[in-house]
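1. sequence first, then the predicted structure:
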Amino acid sequence: MFRIGRKYLQPGAVILAVLFLVVQVAADLSLPTITSDIINNGIAKQDLTYIWHMGGIMLAVAIAGITGAVINVYFASTQSQRLGMKLRSALFEKVTDMDVSAVDKFGNATLITRTTNDVTQLQNVFQTALRMMLMSPIMLVGAMIMSVKLDGRLMLVFAFALPLLGIAVLINMLISIPRFKVMQTKVDKINLIFQQGLTGVRVIRAFNRDAYETDKFSAANRDLTHTARIVFTTVAMMMPIMTVILSFTNVGIIWFGAKLIGQGVMPVGNLVAFLTYATQILMSFVQLSMVIVLIPRAQASADRINAVMDEKTGINDADQTIAIPTAPISLAFDHVGYRFGDAKRMALQDVSFTATAGSTLAIVGGTGSGKSTFVNLIPRLVDASEGTIYINGVDAKQVSQHDLHADIAITQQKAVLFTGTVRSNLLFGEPDATDDQLWEALEIAQAADFVREQGGLDMEVQQDGANFSGGQRQRLAIARTLIKQANVYVFDDSFSALDFATDARLRTAINQSPRFKDAIKVIIAQRVSTVMEADQILVVDNGRMVGLGDHRTLAKNCPAYQEIVESQLSAADLKEVGLHA
């Protein structure tokens, strides 16, 4: 927690907050003494001049205290809010830089919780730290010193009050602190269930599992509520306990103070001031205990945030990076393999191929065979566990990630659209693209017609592209990829939601466009009709490359590809490639 404070708080502002806090505390500690003097020397002696004089001093001290409090609150609030702003930005930047395995390690739900709820906890505790956490011990010590100066004999009352208050605080902390830590993990669970429910709402309704999901959420919600109820009830009990102890303390002070006044050894004003200091002592003690309770919860949040910030990205640029040669354009895998984390089995193993300028490489295989792993390996979203990937003859690990990503355009398997407009989504691919270039990309992606019909480039795109069909989302995502000026274009099962005719027209438009004449096209698909015209088809089965060649060659010589072809093509098509007489 202190590490976060050192990094994101401004030292000058913190020092000013502390200085003005000291001014406020000094004023608060001076007021009871001034009141005592007014009673003892002004009211008791009926000296109106003295009363007006000390009243003016009291007013000046009160104004100084209010000014100190206002400025301290200003610095405490602005610093805590700026810390939250900077911390959220740092977390967002860190998450966007993480490789796929690191994001999967934490999970979306907990990353959202850490960026929102945990940051809020730290904001609150740092604001409290610059207020009560510093004010309470200063006020506690100062009030005790001032009380001893007034009359040390009445301090005996605190010999009974403070131990009782200390025991109550200790019990409170022992009950609440462990549960505060547990609460954060239960908030994660709530977020996870809620996120899954929103994402899979259509599946839930299709299988009539509404009641099951509602019960699951309700169970997690009740669990969190039960823990929170215990924690906050325990914390809330401190106020009535403190009130009872303070009331008995005041009774004790008045009881013994009245005896001292009756004996003529203590003036009335001292008793009034002592009662005020007693209230300050006990209130400071309780405030300090409340802050101590908040610290473990904030520390738990800080640990969770630091775990994200300390996570190694796994994908780092070389100490000395080199530029990608402009020519000749090529993409090559040299005995490349990949393993997910500590898995015993390789997801991909011993894959080798070379794709040259203007060629189309297709990758096919059964479900779970490792096709989509290629998409993450080519732009180094994950690093190969073995072997080397070459871009234009250069080891991809020797190229900066910025340059590598600039040279590659990808349409992911899931067509992701961002809230905004069609124009803003397409400009993700090329921020400086003109309207003519945007329409050209839409024409090639077979999306221009429905975009024109529904409002043009400035038509609204709802969250996740909810106002488009699956095929429309895919075509817009493909258009966003095509608008980018790149040497390698990767389509990860991006034609699956398109009918065969649209699929064929789209691929033909890409191949006939002069813009993509020299580019390498990598198509990952399950439909044979999508890949059969590719220059090379790479067949993967259980993570191994079992075939590489064109459609006719593989249809005759590769059993794995033959199985795919026979399951999808008609008898006439099979006869054409020589599989059946």
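-> Structure received. This one's a predicted model, so the numbers in the text were calculated from it and none came from an experiment. Numbers count the residues shown, from 1 in each chain.
2. packing partners for the longest helix anywhere in the chain?
-> Longest helix of the chain, by residue count under DSSP state H: helix 48-97. Contacts defined by 3 or more CB pairs under 8 Å, 6 or more residues apart in numbering; DSSP states H and E place helix 48-97 against helix 2-8, helix 11-37, helix 119-128, helix 268-310. For the C-beta atoms, the positions are set from N, CA and C on the backbone; glycine is no exception.
3. again, only using 6 Å
-> helix 2-8, helix 11-37, helix 119-128 (3 or more CB pairs under 6 Å, 6 or more residues apart in numbering; DSSP states H and E).
4. name the nearest residue to the most centrally placed residue in the chain, ignoring sequence neighbours.
-> A centroid search over the chain (CA atoms, centre = their mean) returns Thr115, at 3.1 Å, as the residue closest to the centre. Distances taken as CB to CB, 6 or more residues apart in numbering place Leu91 nearest to Thr115, at 4.8 Å, with adjacent residues excluded.
5. from Ala307, how far out is the one you found?
-> Distance, Leu91 to Ala307, using CB to CB, to the nearest Å: 11 Å.
6. pLDDT weak spots in the stretch 1-150 of the chain?
-> Applying pLDDT under 70 to the stretch 1-150 of the chain flags no residue at all.
7. ranges for the strands of the stretch 351-500 of the chain?
-> 360-365, 386-391, 394-395, 408-411, 420-421, 460-461, 488-492 (DSSP state E, counting those that start in this stretch).
8. just so I know, which of those strands lies nearest Asn40?
-> Checking these against Asn40 by CB to CB gives strand 420-421 as the closest, at 72.2 Å.
9. what does the closest one rub up against?
-> 458, 461 (CB atoms under 6 Å, 6 or more residues apart in numbering).
10. how close does the residue nearest to Thr115 get to Val308?
-> Relative to Val308, and taking CB to CB, Leu91 is found at 6 Å.
11. can you get me a residue count around Arg6?
-> Counted with other CB atoms under 10 Å, the neighbours of Arg6 add up to 9.
12. related to what we said a few turns ago, give me the more crowded residue out of Leu91 and Ala307.
-> Leu91 (19 against 12).
13. just checking, that one touches Ile112?
-> No: with contact defined as CB atoms under 6 Å, Leu91 does not reach Ile112; the gap is 10.1 Å.
14. just the endpoints, please. Distance across stretch 356-370?
-> 22 Å (CA to CA, to the nearest Å).
15. point out where the chain drops to low pLDDT.
-> Ranges of the chain meeting pLDDT under 70: 314, 569-581.
16. how far away is the nearest residue to Met98 once chain neighbours are set aside from Arg339?
-> Distances taken as CB to CB, 6+ apart put Thr313 closest to Met98, at 5.6 Å, once the chain neighbours are dropped. Separation of Thr313 from Arg339 (CB to CB) stands at 18 Å.
17. what about those two, which has more around it?
-> Per other CB under 10 Å, whichever of Thr313 and Arg339 has more neighbours is Arg339, with 16 against 12.
18. ok, that one - contacts?
-> 346, 385.
19. same question, Gln349
-> So Gln349 contacts 337, 543-544 (CB under 6 Å, 6+ apart).
20. mark which of the residues you listed are buried, thanks.
-> 337, 543-544 (16 or more other CB atoms under 10 Å).
21. these in strands, which ones?
-> Among the buried ones among the contacts of Gln349, the members falling in strands (DSSP state E) are 337, 544.
22. got JSON lines for the buried ones among the contacts of Gln349, with distance to Lys86 too?
-> Output for those, formatted as JSON lines (distance: CB to CB, whole Å):
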{"residue": "Gly337", "distance to Lys86": "40"}
{"residue": "Gly543", "distance to Lys86": "43"}
{"residue": "Arg544", "distance to Lys86": "48"}
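23. between the buried ones among the contacts of Gln349, which is closest to Met1?
-> Looking across these and measuring by CB to CB, the closest to Met1 is Gly337, at 42.1 Å.
24. okay, now the closest residue to the closest one other than its chain neighbours: neighbour count?
-> Spatial nearest neighbour of Gly337, chain neighbours left out: Glu386 (4.2 Å); criterion: CB to CB, 6+ apart. Here the number of neighbours of Glu386 (other CB under 10 Å) works out to 14.
25. again, but for the one 10 residues further on
-> Residues near Ala396, counting by other CB under 10 Å, number 23.
26. from Ile112, how far off is it?
-> From Ala396 to Ile112 the distance is 31 Å (CB to CB).
27. ok, Ala302 next?
-> 17 Å.
28. what's the answer for Met58, then?
-> Counting by CB to CB - Met58 and Ile112 are separated by 52 Å.
29. who's more crowded, these two?
-> Between Met58 and Ile112, counted using other CB under 10 Å, the more crowded position is Met58 (18 against 15).
30. contacting residues for that one?
-> Per CB under 6 Å, 6+ apart, neighbours of Met58: Ile34.
31. tell me which stretches of the stretch 401-550 of the chain form helices.
-> 401-406, 422-426, 435-444, 448-453, 470-482, 500-512, 528-531 (DSSP state H, counting those that start in this stretch).
32. out of those helices, deepest packed?
-> helix 470-482 (a mean of 24; mean count of other CB atoms under 10 Å).
33. from the middle of its chain, how far away would that helix be?
-> Computed by CA atoms, centre = their mean, to the nearest Å, the separation of helix 470-482 from the middle of its chain amounts to 28 Å.
34. start at 16 instead
-> All set: I'll call the first residue 16, so the last point we hit is now helix 485-497.
35. other residues contacting that helix?
-> In contact with helix 485-497 (CB under 6 Å, 6+ apart) are residues 424, 426, 430, 432, 440-441, 443-444, 456-457, 459-462, 465, 480, 509, 512-513.
36. before we move on, what about stretch 50-69?
-> 49, 282-285, 288.
37. restricting to C-alpha, output it in CSV.
-> Extracted as CSV, the C-alpha positions of stretch 50-69 are listed here (Å, rounded to 0.1, in the frame of the first residue of the first chain):
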residue,chain,number,x,y,z
THR,A,50,-13.1,28.5,27.0
SER,A,51,-11.7,27.6,30.5
ASP,A,52,-10.0,31.0,30.7
ILE,A,53,-13.2,32.8,29.8
ILE,A,54,-15.2,30.9,32.5
ASN,A,55,-12.5,31.2,35.2
ASN,A,56,-11.3,34.8,34.5
GLY,A,57,-14.1,36.4,32.7
ILE,A,58,-17.5,35.0,33.8
ALA,A,59,-16.4,34.2,37.3
LYS,A,60,-14.9,37.7,37.8
GLN,A,61,-17.6,39.4,35.6
ASP,A,62,-14.9,41.0,33.5
LEU,A,63,-16.7,41.8,30.3
THR,A,64,-13.6,43.3,28.7
TYR,A,65,-11.7,40.1,29.2
ILE,A,66,-14.6,38.1,27.8
TRP,A,67,-14.7,40.2,24.6
HIS,A,68,-10.9,40.0,24.3
MET,A,69,-10.7,36.2,24.7
